[in-house]
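[1] here's a sequence, model it:
(one chain, ligands or ions: 1)
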Amino acid sequence: MSAPSSTSPSPGAAAAEGAIQTDVVIIGAGPCGLFQIFELGLLGIHAHVVDSLKHPGGQCSELYPDKPIYDIPALPMCGAQELIDRLLQQAKPFNAQFHLGEEVTELQALEDGAFLLRTSLGTRFHARAVVIAAGLGSFQPRRLGVEGAEALEGRRIHYKIKSAADFAAQRLVIFGGGDSALDWTLELAGKARSLTLVHRRPEFRAAPASVAKMRDLVSGGSMRYVEGVAHSLMTEGDAHDASFRGVRVKRTDGRIEELECDHVLTFFGLHPKLGPIAEWGLKIDKRAIVVDTEKFQTNIPGVFAVGDINTYPGKKKLILSGFHEAALAAFGIAAHLNPTKKVPLQYTTTSPIMHKRLGVPD
Ligand code: FAD
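    Modelled structure (predicted):
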């Protein structure tokens, strides 16, 4: 949990004052987190869902939205984004509240048996149970990978843009060949004082129409294009704001070119990182959380883990496995929240209670 002594409960239940009160927080809105909403909902349990990405869908939406999946039961072929859209639609009756673009950074056990969670944006939850459906971890931007870049992050070296206006009338170098790099190149080309796009190879992952527009801008003299990779930063002495002059690029032909600029914008895509989860006192084996196979509970009672993030004998990192885990975790959570109440198994086909929860007219 947040402190090294994390498994021992904190005395400060008062620390949860002003936090969002909820039965369950689901960390991760990938396919397994989304199905977890549904399985909890069937048992009458409401959840808040947090994801560090700005959109639900996890790996399916972030890494392969247009690729077909062939091993989802009863769907012989389903696009990865289509699967996410269907899961969102299926979970809709349960009105989960989404908190997107926020990473859960802290998880702390409280004396009352509940948990206090905190996100990168400062949102706090007081939850009676937690499901970690964090996949391979939270997605982080791939870094520029040159010495000194870290010290200038957010001031001269950027991995995300809040507003194009921040870069108006500035000298810019943009790295990348995907949609984000090309979209921002087209957006900023008319606003920047100068703009150079740098990409390591002639092929682009971005939409062909965007690449064609970029080439038109280059032909028209509105911007430059250089084929190469980042070599080093141009700084006088240590890398700091005032000493920054630009970036050196190693061109495909081996020459080093100096590109003077005010800001470097880097769009190399995102990659998942276990991140803060590793510090929450959970039993971890090879970057995955160890769970039982009855309830998919971790070594911390009340904290469950489903999907790619968990491990147990025979684990297979498949969406199908995560769906099964979410169903059993929901029963485990229901028992955790109400230890004296037996949770009967009911069929969605015939159960009037489930019809009511699903909004199915009788
Ligand atoms: P993920 O999809 O990884 O989602 C986890 C989410 O948690 C992410 O959105 C992440 O941002 C968020 N998160 C992590 N940490 C935090 C935090 N601290 N705070 C907030 N949010 C956090 N599987 C199949 O079954 N069939 C296939 O055909 C198939 N094809 C694949 C093809 C490719 C190219 C790839 C890469 C994977 C494929 N998979 C396939 C695997 C499948 O995508 C994963 O098994 C599945 O996405 C796991 O779902 P998940 O919900 O556990 O995690």
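
[2] quick check: residues of the stretch 251-362 of the chain near the ligand?
    With CB under 6 Å from any ligand atom as the criterion, the stretch 251-362 of the chain comes near the ligand at residues 275-277, 307-309, 317-320, 322. C-beta coordinates here come from the backbone N, C-alpha and C atoms, glycine included.

[3] pull out the buried members of the residues you listed.
    275-277, 307-309, 319, 322 (16 or more other CB atoms under 10 Å).

[4] between which two of these is the distance greatest?
    Maximum pairwise distance among those (CB to CB): 24.5 Å, between 276 and 319.

[5] which residues are in contact with the nearest residue to residue 244 once chain neighbours are set aside?
    Distance criterion CB to CB, 6 or more residues apart in numbering; nearest residue to residue 244, sequence neighbours excluded, is residue 156 at 4.7 Å. Counting by CB atoms under 8 Å, 6 or more residues apart in numbering, residue 156 touches 241, 244, 262-264.

[6] count the neighbours of the residue of the stretch 101-250 of the chain at minimum distance from the ligand for me.
    For the stretch 101-250 of the chain and the ligand, the shortest gap (CB to the nearest ligand atom) falls at residue 135, measuring 1.8 Å. Close neighbours of residue 135, defined as other CB atoms under 10 Å, add up to 26.

[7] tell me the pLDDT at it?
    On the pLDDT scale, residue 135 is placed at 96.

[8] same question, residue 3
    With respect to pLDDT, residue 3 scores 39.

[9] can you pull the residues of the stretch 51-200 of the chain lying near the ligand?
    Residues of the stretch 51-200 of the chain lying near the ligand (CB under 6 Å from any ligand atom): 51-53, 58-60, 63-64, 69, 71, 103-104, 133-139.

[10] show me which of the residues you listed are buried.
    Buried members of these, scored by 16+ other CB under 10 Å, are 51-53, 58-60, 63, 69, 103-104, 133-139.

[11] bridging residues for residue 195?
    Beta bridges link residue 195 to residue 172, judged by DSSP bridges.

[12] shouldn't residue 187 be in contact with residue 167?
    No - with contact defined as CB atoms under 8 Å, residue 187 does not count as touching residue 167 (9.3 Å).

[13] ok, the two, which is more surrounded?
    Ranked by neighbour count (other CB under 10 Å), residue 187 and residue 167 place residue 167 first, with 22 against 13.

[14] contacting residues for that one?
    Residue 167 makes contacts with 161, 188, 191-192, 263, 265, as judged by CB under 8 Å, 6+ apart.

[15] which of those residues fall within helices?
    residue 188 (DSSP state H).

[16] report pLDDT for the nearest residue to residue 116 once chain neighbours are set aside.
    Counting by CB to CB, 6+ apart, the nearest residue to residue 116 once its immediate chain neighbours are dropped is residue 108, at 4.6 Å. The confidence metric pLDDT takes the value 96 at residue 108.

[17] using the three-state scheme, assign residue 108.
    Taken by DSSP: H, G, I helix; E, B strand; the rest coil, the conformation at residue 108 corresponds to strand.

[18] that one: how many residues sit nearby?
    If you count neighbours by other CB under 10 Å, residue 108 ends up with 20.

[19] the residue of the stretch 101-250 of the chain closest to the ligand contacts residue 305, doesn't it?
    No - between residue 135 and residue 305 there is no contact under CB under 8 Å: 10.7 Å.

[20] shared neighbours of the two, anything?
    With CB under 8 Å, 6+ apart, residue 135 and residue 305 have no common neighbours.

[21] rewinding a little: could you list which of the contacts of residue 156 belong to strands?
    Judged by DSSP state E, the contacts of residue 156 include 244, 263-264 as members of strands.

[22] rewinding a little: so what sits against both of residue 187 and residue 167?
    With CB under 8 Å, 6+ apart, residue 187 and residue 167 have no common neighbours.

[23] longest strand of this structure?
    Longest strand in the chain, counting residues (DSSP E): strand 224-235.

[24] what lies in contact with that strand?
    Contact partners of strand 224-235, identified using CB under 8 Å, 6+ apart, comprise 144-149, 152, 175, 194-202, 214-215, 218, 239, 243-252, 256-260.

[25] gap between the spatially closest residue to residue 141 that is not a sequence neighbour and residue 180?
    Counting by CB to CB, 6+ apart, residue 141 lies nearest to residue 159, which is 3.7 Å off, once chain neighbours are set aside. Distance of residue 159 to residue 180, computed by CB to CB, to the nearest Å: 10 Å.

[26] looking at these two, which one has more neighbours?
    Neighbours per residue, other CB under 10 Å: of residue 159 and residue 180, the larger number sits with residue 180, 22 against 19.

[27] now do the contacts for the more buried one.
    267, 269.

[28] make it 10 Å
    By CB atoms under 10 Å, 6 or more residues apart in numbering, the residues touching residue 180 are 141, 159-161, 174, 205-206, 265-270.

[29] with residue 202 instead?
    Taking CB under 10 Å, 6+ apart, we find residue 202 in contact with 177, 227, 252.

[30] the first one - how many residues pack around it?
    Residues lying near residue 177 (other CB under 10 Å) number 22.

[31] mind listing the strands for the stretch 151-300 of the chain?
    Assigned by DSSP state E, counting those that start in this stretch, the strands in the stretch 151-300 of the chain fall at 157-158, 171-175, 194-199, 224-235, 244-251, 256-260, 263-266, 270-273, 284-285, 288-290.

[32] give me the angle between the second one and strand 194-199.
    Taking axes from the mean of the first three to the mean of the last three CA atoms, to 10 degrees, one finds strand 171-175 and strand 194-199 inclined to each other by 10 degrees.
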